[in-house]
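Visitor: Okay, here's the prediction I keep looking at, along with the sequence it came from:
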Amino acid sequence: MTSVSSPPRTIRIGSRKSQLALVQTYWVQEQLQKSFPDITFEVHTMSTQGDKILDVALAKIGDKGLFTKELELGMINKEIDFAVHSLKDLPTNLPEGLTLAAITERENPADAVVLHEKHKGQQIETLPAGAVIGTSSLRRLAQLRHKFPHFTFKDVRGNLITRMAKLDAGEYDALILAVAGLERLDMSDRIHQILPPEISLHAVGQGALGIECRAEDTEVISLLKAIEHPQTRDRCLAERSFLRVLEGGCQVPIGVNTEINGNELTLKGLVASVDGQKLVKDTVTGAAADAEKLGAELASILRQQGATEILEQIFTEIQRGS
C-alpha cells in the first residue's frame, strides 16, 4: 500500500496595510520563499487601531498593541499564521499563546533629520531658533528638547508619504524619522543628517523586524528561524528587557543603543522627562548570551538614578491628557 503525502501547507502572513509595512512583509515573504520553495506563503492585510486614528498624538491614545492587536487576534483565531511587525511597535509583553519567533537583521537603527528644501545644506544644529520640528515620538521629543530648547516641536501623524508631503508643503522646517523606514521605501536621498547617539538614542527594536506567531506552531517557528539574525536578536532582547523592566511603552521617552563586539554586548539606555529637563542615562556591558539579564540590570540602575519618578510623572500627564 502506497502512502499519500499531504500537500504542502499554505502559510498565511499578516501585515498592516501601510506602504512601509507591506514592503517589510513582502521582503520576509521573499526570503522565506527562497529558503522553502515548496511552501506557499500568502500575504493577508489588516488595518490596526494605530492606522485608523490619525488625528490624535500617539502618546494620548496609549500604546498597548496600537499597531499589533488586530494582527494578534488574527493569529489567535487562526486566520493568519504569523505577523510581521516593525519590532519597535511590538509590546514587550505578548498575549498568552503568542511568541516572538524571529528577529531579522537590523537596518540602521538611528534617527534621521529630513529638512524642508529652504534649509538645504544645513544640519539640525544650524537651524534658526523657533524652527518647527515634526515628530510623533515622545522619545525623540524629549531628547531634542534637552539639546535644542530653542526649537518649536509639533506632532506629526500619518504614514511616511503623508508626513513628507506636510514637510514639503511648509508645515515643518524638519522632520525626525527612522533611517530604516526611509531606506526601506527608497527615500534615503531625503536624509540630510543621521543623528548620533549623543543627540538621540534610538527606540527599542528600531530598524529590526519582529515576527510573531502562535507559540504552539512549531512548524512555523522552525521556518522563521531560517531568517533570524542572532546578533540582532541579542541586541533587541537586551533592549526589550530594559523597556519591560522599566514598564515603559513604545510611546515613553526611553532610548537605547546597543553594540556587540565578539561575545560582548554593550547597552546604553536613557529615560527623559517630556520637557527634556530631567534625563538619566547609563551603560552596561556583559556577555551577549545574557542579553535579557543585562537589560534588566540597566533598568534597575536607572531606577536608582531617578527613572521611576520621571516615568510616573509622564504616565500621570498622559492620563490627564496634557
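Guide: That came through fine. Numbers count the residues shown, from 1 in each chain.

Visitor: Identify the residues contacting the most centrally placed residue in the chain.
Guide: Centroid-nearest residue in the chain: Lys88, 1.9 Å away (criterion: Cα atoms, centre = their mean). For Lys88, the contact set (Cβ atoms under 8 Å, 6 or more residues apart in numbering) comprises Ala178, Ala203, Val204, Gly205, Gln206, Cys250. (Each C-beta comes from the backbone N, C-alpha and C, glycine too.)

Visitor: Quick one: residues contacting the first one.
Guide: When contacts are counted by Cβ under 8 Å, 6+ apart, Ala178 touches Lys88, Pro109, Ala110, Asp111, Ala112, His202, Ala203, Gln206, Gly207.

Visitor: swap the cut-off to 10 Å and go again
Guide: 20, 86, 88, 107-112, 137, 140, 160, 184, 202-203, 206-207 (Cβ atoms under 10 Å, 6 or more residues apart in numbering).

Visitor: Got phi/psi on it?
Guide: The phi/psi pair for Ala178 (degrees, to the nearest 10) reads phi -70, psi 130.

Visitor: picking that back up, just give me the closest of the contacts of Lys88 to Leu302.
Guide: Closest approach to Leu302 among the contacts of Lys88 (Cβ to Cβ): Val204, at 13.5 Å.

Visitor: which one is Thr40 nearest to, not counting chain neighbours?
Guide: Thr10 (4.4 Å; Cβ to Cβ, 6 or more residues apart in numbering).

Visitor: count of residues packed around that neighbour?
Guide: Thr10 is flanked by 10 other residues according to other Cβ atoms under 10 Å.

Visitor: from what I can see it touches Asp38, true?
Guide: No: counting by Cβ atoms under 10 Å, Thr10 stays clear of Asp38, with 11.3 Å between them.

Visitor: ok, then the element right after the helix or strand of the chain with the lowest mean pLDDT?
Guide: Every helix and strand in the chain was compared by mean pLDDT, DSSP states H and E; the lowest is helix 58-61, with a mean of 43. Downstream of helix 58-61, the next assigned helix or strand under DSSP states H and E is helix 69-76.

Visitor: Could you list the buried residues of that following helix?
Guide: Using 16 or more other Cβ atoms under 10 Å as the test for burial, helix 69-76 gives Lys69, Glu70, Leu71, Glu72, Gly74, Met75.

Visitor: which one of those sits closest to Phe153?
Guide: Closest to Phe153, out of all of the buried residues of helix 69-76 and judged by Cβ to Cβ, is Lys69, at 28.3 Å.

Visitor: between the buried residues of helix 69-76, which is nearest Lys278?
Guide: For the buried residues of helix 69-76, the closest approach to Lys278 (Cβ to Cβ) belongs to Lys69, at 31.7 Å.

Visitor: The closest one and Thr92, how far apart?
Guide: Distance, Lys69 to Thr92, using Cβ to Cβ, to the nearest Å: 15 Å.
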